[in-house]
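[1] What shape does this take:
(chains A and B)
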Amino acid sequence: DQQVKQNSPSLSVQEGRISILNCDYTNSMFDYFLWYKKYPAEGPTFLISISSIKDKNEDGRFTVFLNKSAKHLSLHIVPSQPGDSAVYFCAASLQTGANNLFFGTGTRLTVIP
Amino acid sequence: DSGVTQTPKHLITATGQRVTLRCSPRSGDLSVYWYQQSLDQGLQFLIQYYNGEERAKGNILERFSAQQFPDLHSELNLSSLELGDSALYFCASSPNSQAVGYGYTFGSGTRLTVV
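    Alright, predicted model coming up:
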């Protein structure tokens, strides 16, 4: 059962515009959410995270929004750059203390120059 | 280079065989995690070791086993391989047993192909 879902396998955006990547989850016990970026032939790299006690976290061009009531989070990239082209994974962890992550299936972002 | 080293990068083997994947964590990290990414799937957690001890277990098959050695490197052993075991296997490490909030550091993965 996929507890973290990314329903858009791919997204194309023009350079300079905003990229919005979406993620939904089903388990209300998740307390931390993370976004990873993955380039081909590389492992995922940590991008940004948000605690369930917050609704927004910003780091430079990247902002993550959390809507707990809707069990939805999104990653905004503004402005998008060609180097942002990668697969983005949403991940979540549980409150229980076990720190394995539950990953979505990823969204491939293509930023068109 | 993330500092997490996985070998080999690619592995092709036949059904029924056994393979060993190796992971060296980032210097100073005590926790190692193994994840499997099958085609068009998200990363699935297999197992975590912390300072030589098994800490958490996910949906790891009985045909799979892992260990972490005193020098903190880890090995994932896959036996009686089936076609469905073909996947990318990622190793990640973190400084301690609690990684959430700042994430893990992943290696570049081992691509296993079972033919």
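
[2] pLDDT score for the nearest residue to residue A:84 once chain neighbours are set aside?
    Spatial nearest neighbour of residue A:84, excluding adjacent residues (Cβ to Cβ, 6 or more residues apart in numbering or on different chains): residue A:111 at 5.1 Å. To be clear about C-beta, it is placed using only N, CA and C from the backbone, and glycine gets the same treatment. On pLDDT, residue A:111 comes in at 98.

[3] and residue A:111, bridged to which residues?
    On the basis of DSSP bridges, residue A:111 is bridged to residue A:13.

[4] Measure how buried residue A:72 is and give me the count.
    Neighbourhood size, residue A:72 [other Cβ atoms under 10 Å in any protein chain shown]: 14.

[5] Check whether the residue nearest to residue A:84 really touches residue A:79, as I assumed.
    No. Using Cβ atoms under 8 Å, residue A:111 and residue A:79 do not qualify as a contacting pair, with a distance of 9.4 Å.

[6] higher neighbour count, the two?
    Using other Cβ under 10 Å, the more surrounded residue of residue A:111 and residue A:79 is residue A:111, with 21 against 14.

[7] how about the nearest residue to the most centrally placed residue in chain B, chain neighbours excluded?
    The centroid of chain B falls nearest to residue B:34 when counting by Cα atoms, centre = their mean (3.1 Å). Nearest non-adjacent residue to residue B:34, counting by Cβ to Cβ, 6+ apart: residue B:46, 4.2 Å away.

[8] How about the residues of chain A by chain B?
    A:2, A:4, A:6, A:31-32, A:34, A:36, A:41-46, A:49, A:51, A:89, A:91, A:93, A:97-106 (Cβ under 8 Å from any Cβ of the partner chain).

[9] Sort out which of the residues you listed are in strands and list them.
    Applying DSSP state E to these, the entries found in strands are A:4, A:31-32, A:34, A:36, A:45-46, A:49, A:51, A:89, A:91, A:93, A:102-103.

[10] quick one: which of those residues has the most company?
    residue A:91 (27 neighbours).

[11] which residues touch that one?
    Residue A:91 is in contact with A:4, A:33, A:34, A:35, A:36, A:101, A:102, A:103, A:104, B:43, counting by Cβ atoms under 8 Å, 6 or more residues apart in numbering or on different chains.

[12] and the ones in strands among the residues of chain A next to chain B as JSON lines, adding pLDDT?
    Listed next are these as JSON lines, based on pLDDT from 0 to 100:
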{"residue": "A:4", "pLDDT": "94"}
{"residue": "A:31", "pLDDT": "87"}
{"residue": "A:32", "pLDDT": "89"}
{"residue": "A:34", "pLDDT": "93"}
{"residue": "A:36", "pLDDT": "95"}
{"residue": "A:45", "pLDDT": "93"}
{"residue": "A:46", "pLDDT": "91"}
{"residue": "A:49", "pLDDT": "92"}
{"residue": "A:51", "pLDDT": "90"}
{"residue": "A:89", "pLDDT": "96"}
{"residue": "A:91", "pLDDT": "93"}
{"residue": "A:93", "pLDDT": "88"}
{"residue": "A:102", "pLDDT": "90"}
{"residue": "A:103", "pLDDT": "93"}
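
[13] rewinding a little: distance-wise, check the residue nearest to residue A:84 relative to residue A:83.
    Distance, residue A:111 to residue A:83, using Cβ to Cβ, to the nearest Å: 8 Å.

[14] Residue A:89 pairs with what?
    Beta bridges link residue A:89 to residue A:36 when assigned by DSSP bridges.

[15] Which residue lies closest in space to residue 44, excluding its sequence neighbours?
    Looking at chain A here, since you left the chain open. The shortest distance from residue A:44 to any non-neighbouring residue, by Cβ to Cβ, 6+ apart, is to residue A:36 (3.8 Å).

[16] nope, chain B please
    Residue B:44 sits nearest to residue B:36 (Cβ to Cβ, 6+ apart), 4.9 Å away.
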